[in-house]
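Q: Sequence first, then the predicted structure:
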Amino acid sequence: MDASRPAGKPTAAADSAGAAVAMVGLTRRFGNLLAVDHVDCSIAPRTIFGLLGTNGAGKSTVIKMLTTLLPVSEGSARVAGFDVTHEARAVRNHIGYVPQMLSADGELTGYENLLISAKLYGIRPALRRERIEQALAFMELEDSAGRRVAKYSGGMIRRLEIAQALLHRPAVLFLDEPTVGLDPAARHAVWQRIRDLRHEFGTTILLTTHDMDEADKLCEELAFMDLGKIVAGGRPAELKAQIGPEASLEDVFMRYTGSSLLERGDFRNVQQTRRTASRLE
Amino acid sequence: MSSRPGVPHPAWNRMAGLTRGLADFPRQVLAVAESDIRKLRHDPVELFSRMVQPMLWLLIFGEVFNRAHVIDTGAVTYLDFIAPGILAQSVLFAAIFYGVSVIWERDLGILQKFLVSPAPRTALVLGRALSSGVRGLAQGTAVYLLSLLLGVHLRAEPAALAGVIATVMAGAAIFCTFSLIVACIVKTRERFMGIGQVLTMPLFFASNAIYPIAMMPSWLQHLARLNPLTYQVDALRALLIYGSESTFGLGVDFGVQILVLAVLTAIASRLYPGIIN
């Protein structure tokens, strides 16, 4: 196979019409640094899509642009059918976002966190209570709803955050490193919730991870990011099959980037990930 | 775009969005403020610790200068003169460090959640201003009661008190939005704390809070007239103290505050999303 043209690379033009997320030449510069470099990628509705790469590969920057938190330098992206630059409000109405950092407010109770989110999203008072109770039940947090979030475990906080991001039934849910720092049991619980979510509400899920296991077991489609570019993409099984019968995703990553996932990433990114991880313990 | 099946024409969408937006706006402002006020309710220690400073100003500075008769305060005693000034100052000090908590929430990721919600940036900023206003009221009530204990000749007519409440909330909102702007520019807690310290004292001393403008050298008089705190103190003095009159007129006092708040809110709304980058 020709290494310069990865076979599984997602193409934007072909199927972006009905896509939940479509990026065309999406680029972000910070001064001279090209954090995201002309990314073309399209995600079909109801997919659990993983953006895989090292710390600093540009995954979070992509998510920030798609969630309208960061202006696009060049190119364009559509989320749930709306342009992130020109229809930012409409995009925000149709997405949920769980940042890498633990964003639930520790000084409030779980219920209060959900209540504030519901109000911010303009969920009508008549519907509010029902939605909050559904979200709590769905994330198995009913018993701890009245406790301050500062007393929650890391896995519970993540589940609460996903519950918060679900209240308004978003078409697309963005999860930035959803299980970083969680113990295996909590990780599996979060994975199961993510699968149920897609199943029950038909939500498209875009998550970033640098964990091969998560990419392999949870995601149906993957894109590998390296130095701001998407270097390969496809279903986990296809990607592995291209390399060889016994290949792992780590091998796929090595093949396309020439390095191990564990070796890369700059100090600041690693520091932030560790900080999140340590708050979860 | 208009050809997308099952999706109404964009112009219609925009219209529907606008009407919905108008109804949602006050709710979103209240939601932002509510989140903050609920936290305060969980942990009111902050409110009490903030009481120490105004107490010192009134009990020590106020009492000493009340005896000394070195500052000409016209018909009212010095303690009567300084009480509205200290009330305004305590509201200023509480509001001016508001930006730190926003930087803190940014570092935690809480702010990002607010920013990806469909709430307009202006609603996010005004929500903060409103919550700062409520904190300011708690602060102001405490200074009011303390002044009462010290025998300050306070007015208690409902109309005057309503004016006091409005002034306190406006003052807290103004310095909170100002603080948000500073936070959006400096972006780190360390730098913010440094700048906050640098800003508060000049704002306080270049105002009519503890001495009349007439006593100041002329360059300072000019600065004091540019300082929103001066107009707050001026309004508070007229509304709170028997026998005290407004220097600029209440119309000017309120006009200046509304204008300043509008300008600062517009600037803060513009800068607010940038704080996360």
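A: Structure received. Bear in mind the structure is a predicted one, so any value in this text is a computation, not a measurement.
Q: quick one, what contacts the nearest residue to residue A:132 once chain neighbours are set aside?
A: Spatial nearest neighbour of residue A:132, chain neighbours left out: residue A:114 (4.6 Å); criterion: C-beta to C-beta, 6 or more residues apart in numbering or on different chains. To be clear about C-beta, it is placed using only N, CA and C from the backbone, and glycine gets the same treatment. Applying C-beta atoms under 8 Å, 6 or more residues apart in numbering or on different chains to residue A:114 gives the contacts A:132, A:135-136, A:145, A:160, A:163-164, A:167.
Q: quick one: the closest residue to chain A within the stretch 51-200 of chain B and residue A:60, what's the gap?
A: At 3.1 Å from chain A, residue B:109 is the closest residue in the stretch 51-200 of chain B, using C-beta to the nearest C-beta. In this view, residue B:109 and residue A:60 are 11 Å apart by C-beta to C-beta, to the nearest Å.
Q: got any residues that touch both of the two?
A: With C-beta under 8 Å, 6+ apart, residue B:109 and residue A:60 have common neighbours residue A:100.
Q: Near chain A, which residues of the stretch 1-150 of chain B are found?
A: B:4, B:7, B:13, B:17, B:20, B:23-24, B:27-28, B:30-32, B:34-35, B:38-39, B:42-43, B:105, B:107-110, B:112-120 (C-beta under 8 Å from any C-beta of the partner chain).
Q: near chain A, which residues of the stretch 151-277 of chain B show up?
A: Counting by C-beta under 8 Å from any C-beta, the stretch 151-277 of chain B sits next to chain A at B:273, B:276-277.
Q: what do you get if the cut-off is 6 Å, keeping everything else the same?
A: Proximity of the stretch 151-277 of chain B to chain A, by C-beta under 6 Å from any C-beta of the partner chain, involves no residues.
Q: What ranges does the stretch 151-277 of chain B have for its strands?
A: Applying DSSP state E, counting those that start in this stretch to the stretch 151-277 of chain B gives no strands.
Q: which residues are in contact with stretch A:163-170?
A: A:94-96, A:98, A:113-114, A:117-118, A:121, A:131, A:135, A:139, A:173 (C-beta atoms under 6 Å, 6 or more residues apart in numbering or on different chains).
Q: ok, those residues vs residue A:154, which is closest?
A: residue A:98 (13.0 Å; C-beta to C-beta).
Q: For that closest one, give me the pLDDT.
A: At residue A:98, the model reports a pLDDT of 93.
Q: Ok, residue A:128 next?
A: 94.
Q: The residue nearest in space to the middle of chain B and residue B:124: what is the separation?
A: For chain B, residue B:172 is the residue whose C-alpha lies nearest the centre (C-alpha atoms, centre = their mean; 1.3 Å). Here the criterion is C-beta to C-beta. By it, residue B:172 lies 17 Å from residue B:124.
Q: Likewise for residue A:65?
A: 20 Å.
Q: Also residue A:20?
A: The value you get for residue A:20 to residue B:124, if C-beta to C-beta is used, is 27 Å.
Q: on that earlier part again, between the contacts of residue A:114, which is nearest chain B?
A: Nearest to chain B among the contacts of residue A:114, with distances taken as C-beta to the nearest C-beta, is residue A:164, at 7.2 Å.
Q: Can you verify that closest one is assigned to a strand?
A: No: counting by DSSP: H, G, I helix; E, B strand; the rest coil, residue A:164 is located in no strand; its state is helix.
Q: Which residue comes closest to it once chain neighbours are left out?
A: residue A:117 is the one closest to residue A:164 (C-beta to C-beta, 6+ apart), at 4.5 Å.
Q: Please identify the helix or strand for the one you found.
A: Assigned by DSSP states H and E, residue A:117 belongs to helix A:110-120.
Q: what's the spacing between that helix and its chain's center?
A: On the basis of C-alpha atoms, centre = their mean, to the nearest Å, helix A:110-120 sits 21 Å off its chain's mean C-alpha point.
Q: buried ones in the helix or strand following it?
A: Counting by DSSP H and E, the next helix or strand C-terminal to helix A:110-120 is helix A:125-138. Under the neighbour-count criterion of 16 or more other C-beta atoms under 10 Å in any protein chain shown, helix A:125-138 has A:128, A:131-132, A:135-136, A:138 buried.
Q: Which of those scores worst on pLDDT?
A: Minimum pLDDT across the buried residues of helix A:125-138 is recorded for residue A:138, with 89.
Q: Which residue is the nearest non-sequential neighbour of it?
A: Excluding the flanking residues, the one nearest residue A:138 by C-beta to C-beta, 6+ apart is residue A:163, at 6.8 Å.
Q: Please save the CA atoms from the biggest helix by length in chain A in CSV.
A: Counting by DSSP state H, the longest helix found in chain A is helix A:184-201. Presented in CSV, the C-alpha positions along helix A:184-201 are these (Å, rounded to 0.1, in the frame of the first residue of the first chain):
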residue,chain,number,x,y,z
PRO,A,184,-11.3,0.5,34.7
ALA,A,185,-14.7,-0.1,36.3
ALA,A,186,-15.7,3.6,36.0
ARG,A,187,-14.4,3.7,32.4
HIS,A,188,-16.5,0.7,31.4
ALA,A,189,-19.5,2.3,33.1
VAL,A,190,-19.0,5.5,31.1
TRP,A,191,-18.5,3.6,27.9
GLN,A,192,-21.8,1.7,28.4
ARG,A,193,-23.6,5.0,29.0
ILE,A,194,-22.2,6.4,25.8
ARG,A,195,-23.4,3.3,23.9
ASP,A,196,-26.8,3.5,25.5
LEU,A,197,-27.0,7.1,24.6
ARG,A,198,-26.4,6.6,20.9
HIS,A,199,-28.9,3.7,21.0
GLU,A,200,-31.6,5.5,22.9
PHE,A,201,-31.5,9.0,21.4
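Q: Show me what secondary structure element comes after it.
A: Counting by DSSP H and E, what follows helix A:184-201 is strand A:204-209.
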